[in-house]
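sharing a sequence plus its predicted fold:
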Amino acid sequence: MRVGADTRTVSLPRLLAVQIRAVLLGYWRIPLFALFTIGLPVMFFAFFGLPRLHQEITHHVSVGAYILASLGAYAVSNVLVYNVGIGQAQTRARKLDLLQRASPLPGWIAIAATLVGGLVLATSALVVLLLVGALAGVSLPPTHWLLLVVALLYGAIPMLGLGLTIGYLGSSGNLAPALASLIYLPMAFASGILIPLTQLPALVTSIAPYLPLYQVGQLGWNAVGAANESALQAVFWTAVWGLVLGGLAVYAYGRDQGRKFA
Amino acid sequence: MSTPLTSPGAAVELSDVRKNYGRVEALRGVSVTIKPGEVVAMLGQNGAGKTTAISLMLGMRRPTAGRVRLFDLDPGDRAARSRCGVMLQESGVNDVLKVRETVAIFRAYYPHPLPTARVLELAGLEEVANRKITGLSGGQRQRLYYALAICGDPEALFLDEPTAGMDVESRRAFFGDIRRYASEDRTVIFSTHYLEEADQLADRVVVIDRGVIIADDSPAAIKSRVAGRRVTFTVTPSATAADFAGLPISGLELRDQRVRFHSSQPEQALAATFRRGWDIQNLEVVGADLEEAFVSLTTNRVADLPENKESK
C-alpha cells in the first residue's frame, strides 16, 4: 500500500468545505452561542422596537424599520467581532493554529474558512432578526428587505477587518475579549446603532461620523429610507474603513505568523 | 536546485541546518538523514534545539541556513505533509467539539486516512468518543493528540516530547502503541529528555546539545559511552579542576569543598585521588542512572563554554 513517491493530497475545495464545516460546528457548540449571537439583537428589538413599531421616525419610515436596520448592523458586527475575532484569538490561545500548521491544511484555507464561516453566521443572525421583525409587523417593500441584507453584508467587510485585528493583536490571544469590549462596545453606542443618533449627546454625535460602525449603520438606514447621509457616501466610507481595518488585520496576522512560523 | 540530493529516498534530511531566533542560535549546523522505517529518538535537555529541529523538518519554520527535505520534497509541500502525522509539545484543539468530531475533522485533511472508528480504537478513545474535549483528563487529551497524529495513516510520525505529563501506566501503554505503529515499517521521530525512553523505543539516538548533534548512534552504543558510576566526596582544602587532570573521569563538578564526577573506572580514579593525600570525607560511589549519565555526556561540553547553563 505504501508507494514510493506518494504525492496524493486532498483537493483544496474539499479541504475548504471540511474546514468551513469545522468552523461552523465550533460556533454552534459555544455555550450561550444562540443567546448572544442570535438572541441579543432579537431581544433588543423586542425591548426597543416592539413598543413603538408603527410610529413614524421620519417621513413614511416606521420606528420598527429604523430599529431593525440599526440592530441588523449590530447583529452582523457582533458576530464578526465576537465569534470571528475572539474565536480566532481563542484558536491562537489554545495553540490550535500550531497543530493546523503542522497538518496538511494550508494556512490560507484555515483563514478563508474562518471568514466564510463568520459570514454565514452573520447572515444567519441577520436573517433571524429580520424574520422576527417581519413577523412582528414591520412592513417594507420586498426590494428593501433584500437591499437591507445586501447593504449590511457589504458593511461586514470593515467589521471583519476589526474582528480579525482584535483576534490577532497581542502575542497570546488572551487580550482579545478585553480589547473587544474596550473598542467595540463604546463604538456601537457612539455610532447610533444602539441609541438613535438624535438621542446621543452633541459631543458623541460629532464624533460618530468618524466611526466605521456609523457608516455601516448608514448603509442600513439608507436601505430602509431613514438615513441622514447619502448611500453613496456610506458606500464610499465603508470601503475606506474596509481597506484600513482589513490592512490592520493583514498586518496583525502577518506579525503573528512571523512570530510563530518564520 | 543547486545541490543534488545526497540521500534520495530519505524520510527526513537536514544538511548543515542553522536556525537563529534573533540573536539566539537554536541550531548551529545540524546534519542528519533519517531513512524510512527508522525509529529515531532526539535526546536533549530543554532548549537543546529538539523542538526547533522538528519544526524545521515539518516546514513549520524555515532554516536560517542549510537545507531541509521531507520525503525528498520541500517540507512545506502539502504532498510531503500529507505523509506525516504530528504530535506537538504545545498545541491544542477546539475544546467545545467532541472527540469523535475532532478526529473526523483532522482525518479529512489527509488523502488516505484511517476510518474514524479505527483511529478511536487505536488511541483507546472509544469510551470518550462522544464527550466534549473540555471534559477530558490530561492523559485522555494526550491520547487525543496521538489520535490526531495517526488519523491520516502517515508514513512518518513526529512526536515532540509525547510523554510529557503522562503517568507511568499511560507512558507504558503509549510506548506499546508507538512500537506497534513502528513495527509496520513506518518512520517515527520523537524527542525526549530521557535516555531511558530513547533506549526503550528507538533504534537510533541523536543527542542534541546547545544546537549541535553531539552523538548519533544506537541506544546501546550511547549507553556504553555514558554508563559508569557517580562519585561524590568533600575534600579540604578545596580542589581545582587541574588536580583531576589525566584521571579517567567525566562530568567533573567542583563546588566549594564538594567534588562530583562520573567514571567508568571509579576504583582507578579514586586510587589516584587518595594518593594525593587529601582529607577526603563523605565518599559516595553509586551507579549513575541513565539521566545522570546523560548529563555527564553533555555537561562535559558545557564546561568549555563561557557561560554556564542554568541548572536543572
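Thanks, I have the structure now. Bear in mind the structure is a predicted one, so any value in this text is a computation, not a measurement.

for residue 154, give me its contacts.
Just going to use chain A. With contacts defined as Cβ atoms under 8 Å, 6 or more residues apart in numbering or on different chains, the neighbours of residue A:154 are A:219, A:235, A:238. Just so you know, the C-beta spots here come from the backbone N, C-alpha and C atoms, and that holds for glycine as well.

my question was about chain B, not that one.
B:83, B:84, B:85, B:110, B:186.

ok, residue A:139 next?
Residue A:139 touches residue A:62, counting by Cβ under 8 Å, 6+ apart.

within range of chain B, give me the residues from the stretch 1-150 of chain A.
Neighbours of chain B within the stretch 1-150 of chain A, by Cβ under 8 Å from any Cβ of the partner chain: A:2, A:4-10, A:14-15, A:18-19, A:21-22, A:25-26, A:29-31, A:91, A:94-96, A:98-99, A:101-106.

among those, which are located in helices?
Counted as lying in helices by DSSP state H, out of the residues of the stretch 1-150 of chain A next to chain B, are A:14-15, A:18-19, A:21-22, A:25-26, A:29, A:91, A:94, A:96, A:98-99, A:101-102.

one step back: within reach of chain A, which of the contacts of residue B:154 are there?
Near chain A, by the rule Cβ under 8 Å from any Cβ, you find B:83, B:84, B:110 out of the contacts of residue B:154.

re earlier: any of the residues of the stretch 1-150 of chain A next to chain B buried? List them.
A:6, A:9-10, A:15, A:18-19, A:21-22, A:25-26, A:29-30, A:91, A:94-96, A:98-99, A:101-106 (16 or more other Cβ atoms under 10 Å in any protein chain shown).

any idea how far residue A:186 is from chain B?
29 Å (Cβ to the nearest Cβ, to the nearest Å).

do you know how far residue A:158 is from chain B?
For residue A:158, the distance to chain B - Cβ to the nearest Cβ - is 27 Å.

any idea which element that residue lies in?
helix A:156-168 (DSSP states H and E).

elements contacting that helix?
helix A:63-78, helix A:87-94, helix A:107-136, helix A:176-190, helix A:212-224, helix A:231-261 (3 or more Cβ pairs under 8 Å, 6 or more residues apart in numbering or on different chains; DSSP states H and E).

next, format those as JSON lines and append mean pLDDT.
As requested, the helices and strands packed on helix A:156-168 are exported to JSON lines (pLDDT from 0 to 100):
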{"stretch": "helix A:63-78", "mean pLDDT": "94"}
{"stretch": "helix A:87-94", "mean pLDDT": "91"}
{"stretch": "helix A:107-136", "mean pLDDT": "94"}
{"stretch": "helix A:176-190", "mean pLDDT": "90"}
{"stretch": "helix A:212-224", "mean pLDDT": "94"}
{"stretch": "helix A:231-261", "mean pLDDT": "94"}
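
out of those helices, which gets nearest to residue B:102?
The minimum distance between residue B:102 and the helices and strands packed on helix A:156-168 falls on helix A:87-94, with 11.9 Å, by Cβ to Cβ.

and the closest one, C-alpha only, in CSV?
Extracted in CSV, the C-alpha atoms of helix A:87-94 (Å, rounded to 0.1, in the frame of the first residue of the first chain):
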residue,chain,number,x,y,z
GLY,A,87,-12.9,32.9,18.2
GLN,A,88,-9.7,33.4,16.3
ALA,A,89,-7.9,34.7,19.4
GLN,A,90,-9.0,31.5,21.2
THR,A,91,-7.7,29.4,18.4
ARG,A,92,-4.3,31.1,19.0
ALA,A,93,-4.6,30.9,22.8
ARG,A,94,-5.3,27.2,22.5
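
which neighbouring elements make contact with it?
Counting by 3+ Cβ pairs under 8 Å, 6+ apart, helix A:87-94 packs on helix A:107-136, helix A:156-168, helix A:176-190.

how much does it deviate in direction from helix A:176-190?
160 degrees (axes from the mean of the first three to the mean of the last three Cα atoms, to 10 degrees).

give me the contact list for helix A:87-94.
With contact meaning Cβ under 8 Å, 6+ apart, helix A:87-94 is reached by A:26-27, A:97, A:114, A:118, A:163-164, A:166-168, A:170, A:172-177, A:256, B:92-95.

which among these end up buried?
Counted by 16+ other Cβ under 10 Å, the contacts of helix A:87-94 give A:26-27, A:97, A:114, A:118, A:163-164, A:166-168, A:170, A:173, A:175-176, A:256, B:92-95 as buried.

now do the contacts for the nearest residue to residue A:213 once chain neighbours are set aside.
Setting aside the residues directly before and after it, residue A:213 is nearest to residue A:191 in space (Cβ to Cβ, 6 or more residues apart in numbering or on different chains), at 3.8 Å. Contacts for residue A:191 (Cβ under 8 Å, 6+ apart) come out as A:208, A:211, A:213, A:214, A:216, A:217.

how does it look with 6 Å?
A:208, A:211, A:213, A:214, A:217 (Cβ atoms under 6 Å, 6 or more residues apart in numbering or on different chains).

most neighbours among the residues you listed, which one?
residue A:217 (30 neighbours; other Cβ atoms under 10 Å in any protein chain shown).

doesn't residue A:193 make contact with that residue?
Yes - counting by Cβ atoms under 6 Å, residue A:217 touches residue A:193, with 4.7 Å between them.

shared neighbours of these two, anything?
Joint contacts of residue A:217 and residue A:193 (Cβ under 6 Å, 6+ apart) are residue A:73.

ok, residue B:66 to chain A distance?
15 Å.

would you agree that residue is in contact with residue B:19?
No - taking contacts as Cβ under 6 Å, residue B:66 lies outside contact range of residue B:19: 8.4 Å.

please say which of those two ends up with more neighbours.
residue B:19 (24 against 16).

the more buried one falls within a strand, correct?
Yes - per DSSP: H, G, I helix; E, B strand; the rest coil, residue B:19 lies within a strand segment.

contacts only, for it.
B:26, B:27, B:52, B:63, B:64.

in three-state terms, label the second one for me.
In this case it means residue B:27. strand.

any idea how far it lies from residue B:54?
11 Å (Cβ to Cβ, to the nearest Å).

that older thread, mean neighbour count, the helices and strands packed on helix A:87-94: which tops it?
helix A:156-168 (a mean of 26; mean count of other Cβ atoms under 10 Å in any protein chain shown).

any idea of the angle that one forms with helix A:63-78?
Going by the same axes, to 10 degrees, helix A:156-168 makes 40 degrees with helix A:63-78.

what does helix A:156-168 contact?
A:76-77, A:80-81, A:84-85, A:88-89, A:122, A:176, A:179-180, A:212, A:241-242, A:245-246, A:248-249, A:252-253, A:256.

skip the chain neighbours and tell me the closest residue to the residue of the stretch 1-150 of chain B found nearest chain A.
Closest approach between the stretch 1-150 of chain B and chain A, counting by Cβ to the nearest Cβ: residue B:92, at 3.5 Å. Among residues not flanking residue B:92 along the chain, residue A:94 sits closest, at 3.5 Å (Cβ to Cβ, 6+ apart).
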